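S.K.: Structure here, sequence nowhere to be found:
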């Protein structure tokens with residue numbers, strides 16, 4: 001475990017060429033009103049679960065039937081593209097268009113679902129380490145899975161090359177130099193989750209824990225929390241010790257490509273941050289925390305006994321809040337009200 005304070009909180013961007021995350025939640029909610037499977041996910045309340053205070057958990061395990069918050073990402077971008085073409089998009093609106101990405105999980109499913117709804121094709125590059133069961137799930141959603149590369153970075157490079165060669169639309173859930181427009185829109189979709197959580201909490205949270213891979217969820221949610229709740233909640237970003245991309249980038253004041261072994265928090269095992277998320281979290285987050293695999297795994301059983309069954313990735317934020325040492329360092333007490341996000345269904 002390693003916790004650092006964000007010394008540059010509320011200062012300028014780290015990357016001038018990339019934007020801050022969007023906070024236009026009305027744009028998201030207005031579009032989702034037209035989606036028949038879009039509905040609010042629950043906020044779970046647990047007493048005497050944490051070392052100190054009350055726990056609120058935004059439960060994204062059934063979001064739009066896709067099993068994770070990612071349903072609000074790629075599918076939202078594709079729906080926006082369809083909406084831009086016609087006031088009443090249908091199953092043929094995006095015929096002839098192909099979306100491509102790399103994924104190790106839920107982002108690929110969201111892209112597949114969105115493409116299928118509006119008549120587009122979806123191609124998802126996956127690395128050699130991704131289970132074949134995920135390939136099967138992609139096919140069930142109508143996507144074409146393509147194995148390429150030994151890790152996520154290699155499969156993303158393959159997706160980028162395929163997009164350029166075939167004139168396909170690359171839709172990544174990360175952002176980098178000269179690639180920010182679509183990831184900005186994708187992160188905007190996550191605002192719906194944050195807005196629901198804020199409306200469901202009985203009062204303002206004192207502490208918020210946000211798990212992060214490239215940082216899309218954390219960046220979007222933190223931006224909305226600052227807009228609505230202001231500076232009072234202590235926001236802590238949680239990453240695997242094996243992939244401290246955001247923490248390392250904050251310390252050095254520039255994007256960092258990190259190295260490390262594979263983490264059991266596979267969805268969070270991202271070695272390089274999203275530029276948009278990094279800008280937002282440099283402004284909005286108070287602390288950056290890394291957890292070892294065993295520090296998360298040790299808490300999953302207790303979580304499952306309290307209706308919080310999920311993966312190590314999906315429960316990393318809750319696991320951080322459960323850590324006694326973290327609670328002491330962040331000065332959590334009996335009056336603390338902690339908000340976390342359960343980001344995906346158990347596998």
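M.R.: That came through fine. All values derive from a computational prediction rather than experimental measurement.
S.K.: tell me the contacts of the residue nearest to residue 316 when sequence neighbours are not counted?
M.R.: Nearest residue to residue 316 in three dimensions, chain neighbours excluded: residue 211, at 3.9 Å (C-beta to C-beta, 6 or more residues apart in numbering). To be clear about C-beta, it is placed using only N, CA and C from the backbone, and glycine gets the same treatment. Counting by C-beta atoms under 8 Å, 6 or more residues apart in numbering, residue 211 makes contact with 217-218, 237-239, 265, 268, 313-314, 316-317, 320, 341, 343.
S.K.: do residue 42 as well
M.R.: 59, 200.
S.K.: One more pass at 7 Å, please.
M.R.: Contacts for residue 42 (C-beta atoms under 7 Å, 6 or more residues apart in numbering) come out as residue 59.
S.K.: backbone phi and psi for it, please?
M.R.: phi -80, psi 160 (degrees, to the nearest 10).
S.K.: Next one, pLDDT for it please.
M.R.: What the model reports as pLDDT for residue 42 is 98.
S.K.: What of residue 303?
M.R.: 97.
S.K.: thinking it is in contact with residue 315, fair?
M.R.: Yes - at 5.5 Å, residue 303 counts as touching residue 315 under the criterion of C-beta atoms under 7 Å.
S.K.: residue ranges of the helices in the stretch 101-250 of the chain, please?
M.R.: 106-117, 132-140, 152-166, 181-189, 191-200, 216-229, 245-252 (DSSP state H, counting those that start in this stretch).
S.K.: Adding distance to residue 17 and mean pLDDT, write the ones you listed out as JSON lines.
M.R.: Shown next, in JSON lines, are those (distance: least, C-beta to C-beta, whole Å; pLDDT from 0 to 100):
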{"stretch": "helix 106-117", "distance to residue 17": "24", "mean pLDDT": "93"}
{"stretch": "helix 132-140", "distance to residue 17": "33", "mean pLDDT": "91"}
{"stretch": "helix 152-166", "distance to residue 17": "18", "mean pLDDT": "94"}
{"stretch": "helix 181-189", "distance to residue 17": "12", "mean pLDDT": "96"}
{"stretch": "helix 191-200", "distance to residue 17": "23", "mean pLDDT": "98"}
{"stretch": "helix 216-229", "distance to residue 17": "16", "mean pLDDT": "98"}
{"stretch": "helix 245-252", "distance to residue 17": "15", "mean pLDDT": "97"}
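S.K.: Please tabulate these in CSV, including the columns distance to residue 57 and mean neighbour count.
M.R.: Supplementary listing: the helices of the stretch 101-250 of the chain in CSV, determined by distance: least, C-beta to C-beta, whole Å; neighbours: other C-beta atoms under 10 Å:
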stretch, distance to residue 57, mean neighbour count
helix 106-117, 18, 26
helix 132-140, 25, 15
helix 152-166, 27, 17
helix 181-189, 20, 23
helix 191-200, 9, 21
helix 216-229, 13, 25
helix 245-252, 22, 23
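S.K.: Contact partners for the spatially most central residue of the chain?
M.R.: Note on the chain: the residue nearest the mean C-alpha position is residue 217, at 3.1 Å, using C-alpha atoms, centre = their mean. Counting by C-beta under 7 Å, 6+ apart, residue 217 touches 69, 190, 210, 341, 343.
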